[in-house]
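[1] no FASTA, just this:
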């Protein structure tokens, strides 16, 4: 391999990924932007993944084998080995479109305050019809607001500034905080750096039962609520142990078992709307779009509060009544 430092280090962890691995590797090696190294770490696979990887002779590939450590630890090891200033994620079963890296490098080069850029992604299900897509928000202000509650990035689509990644400490390997390791990391990065999505489909995201990112979605709820609660506490300028942020996150996600103390849904939603107005003023952006999103969050919160307090039938009836009145709930 040339001693020249590449512009991008592509991080590809592999665990029993033989079914679609060659297609994923080929999608990176076929990029129009060629100044990269591809770091593939075989995380203890028991299938033919190793044979597939070793069949490639491209000098840009750096191949490492290890005993199984899990996704977050493997990604941190790959990032530590990376020589480039930009880190690109690539999953073992996704497909990067030919112009993906070129478009994302150009974006980060042009936006030095941005530490993370993702893209839209086509969803390839088992029927392979390609009729659905992840079209998340692109505006940095909107994205930071959406991160308060959930993850508006496709993990395998992102390009990260390594300096920002290193500053925040990389992926958490604390079992109580991951998975979702991506949402947890983006939340910390967004507190000190810009984030964005390119509103173009630059990735095909494979939605299959064996996909690492699709396993155990429901068990993620506890950790999603925890991360959302931390984000909201900062946004609302409250203490981490203040129950308001936790209760708001719990209600938004319908995690009633996470509610604590006296739940005042009305006060929580008013505080969210006020904080959103302050956020818009601080960012110097029009408030209409964010306030509309905040309003939708508040309606969802109040719906779940009604269900929690009065029962699911009451919440359903109330929701139908709101819709009949033209109120989005």
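    Here it is on my side, so go on. What you see is a predicted model, and the numbers here were worked out from it, not measured in a lab. Numbers count the residues shown, from 1 in each chain.

[2] rest of the way, CA atoms for contacts and neighbours
    Noted.

[3] and the longest strand along the chain, how far from the chain's centre?
    When the chain is parsed with DSSP state E, its longest strand is strand 194-206. Relative to its chain's centre, strand 194-206 lies at 11 Å (Cα atoms, centre = their mean, to the nearest Å).

[4] do stretch 185-197 as well
    Distance, centroid of stretch 185-197 to centroid of chain: 10 Å (Cα atoms, centre = their mean).

[5] can you list contacts of that stretch?
    Residues from elsewhere that reach stretch 185-197 (Cα atoms under 8 Å, 6 or more residues apart in numbering): 113-120, 136-140, 143-144, 147-148, 153, 164-165, 168, 170-172, 227, 231.

[6] Which ChimeraX command selects the buried ones in the residues you listed?
    Buried residues among those (16 or more other Cα atoms under 10 Å), as a ChimeraX selection:
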select :114,115,116,117,118,119,120,136,137,138,140,143,144,147,148,153,164,165,170,171,172,227,231
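
[7] For the stretch 1-150 of the chain, give me the ranges with low pLDDT.
    Along the stretch 1-150 of the chain, segments meeting pLDDT under 70 span 1-2, 126-130.

[8] shouldn't residue 13 be in contact with residue 40?
    Yes. Using Cα atoms under 8 Å, residue 13 is in contact with residue 40, at 5.8 Å.

[9] if we can go back for a sec, restricted to helices, list the contacts of stretch 185-197.
    The helices in this structure, assigned by DSSP state H, contain 140, 143, 144, 164, 165, 168, 227, 231 from the contacts of stretch 185-197.

[10] As a check, name the ranges of all helices in this protein.
    Using DSSP H, helices in the chain cover 21-29, 49-54, 71-81, 100-110, 140-146, 162-168, 181-190, 221-235, 243-252, 265-283, 288-310, 312-324.

[11] Would you tell me which one of those helices is buried the most?
    Most buried of the helices of the chain by mean neighbour count (mean count of other Cα atoms under 10 Å) is helix 243-252; its value is a mean of 26.

[12] Measure how that helix sits relative to helix 265-283, angle-wise.
    100 degrees (axes from the mean of the first three to the mean of the last three Cα atoms, to 10 degrees).

[13] Show me what helix 243-252 is packed against.
    helix 221-235, helix 265-283, helix 288-310 (3 or more Cα pairs under 8 Å, 6 or more residues apart in numbering; DSSP states H and E).

[14] Name the nearest residue to residue 19, ignoring sequence neighbours.
    residue 93 (7.8 Å; Cα to Cα, 6 or more residues apart in numbering).

[15] Same question for residue 182.
    residue 155 is the one closest to residue 182 (Cα to Cα, 6+ apart), at 6.3 Å.

[16] do residue 242 as well
    residue 233 (7.6 Å).

[17] same deal with residue 149?
    residue 228 (5.0 Å).

[18] my read: the one you found touches residue 145, true?
    No. Counting by Cα under 8 Å, residue 228 stays clear of residue 145, with 10.9 Å between them.

[19] Am I right that residue 260 is in contact with residue 249?
    No. Look at residue 260 against residue 249 with Cα under 8 Å: they stay out of range, at 11.5 Å.

[20] anything in contact with each of those two?
    By Cα under 8 Å, 6+ apart, no residue touches both residue 260 and residue 249.

[21] quick one: residue 139 and residue 79, what's the gap?
    Noted for residue 139: a distance of 27 Å to residue 79, by Cα to Cα, to the nearest Å.

[22] so where's the stretch 201-329 of the chain uncertain?
    If you take pLDDT under 70 as the line, the stretch 201-329 of the chain has these spans: 208-219, 312, 314-316, 318-319, 321-329.

[23] and this structure, what are its domains?
    8-215, 219-324 (automatic domain parsing).

[24] hang on, the earlier thing: in contact with the residue nearest to residue 182, which residues are there?
    89, 118, 182.

[25] okay if I get these as CSV plus distance to residue 34?
    Formatted as CSV, the contacts of residue 155 follow (distance: Cα to Cα, whole Å):
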residue, distance to residue 34
89, 16
118, 19
182, 26
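
[26] tell me which of these is nearest to residue 264?
    residue 182 (31.0 Å; Cα to Cα).

[27] Tell me, what's the model's pLDDT at the closest one?
    Looking at residue 182, its pLDDT stands at 96.

[28] Is it correct that it is in contact with residue 173?
    No. Residue 182 is beyond contact range of residue 173, at 11.3 Å (criterion: Cα under 8 Å).

[29] one step back: and the residue nearest to residue 242, how far from residue 148?
    9 Å.
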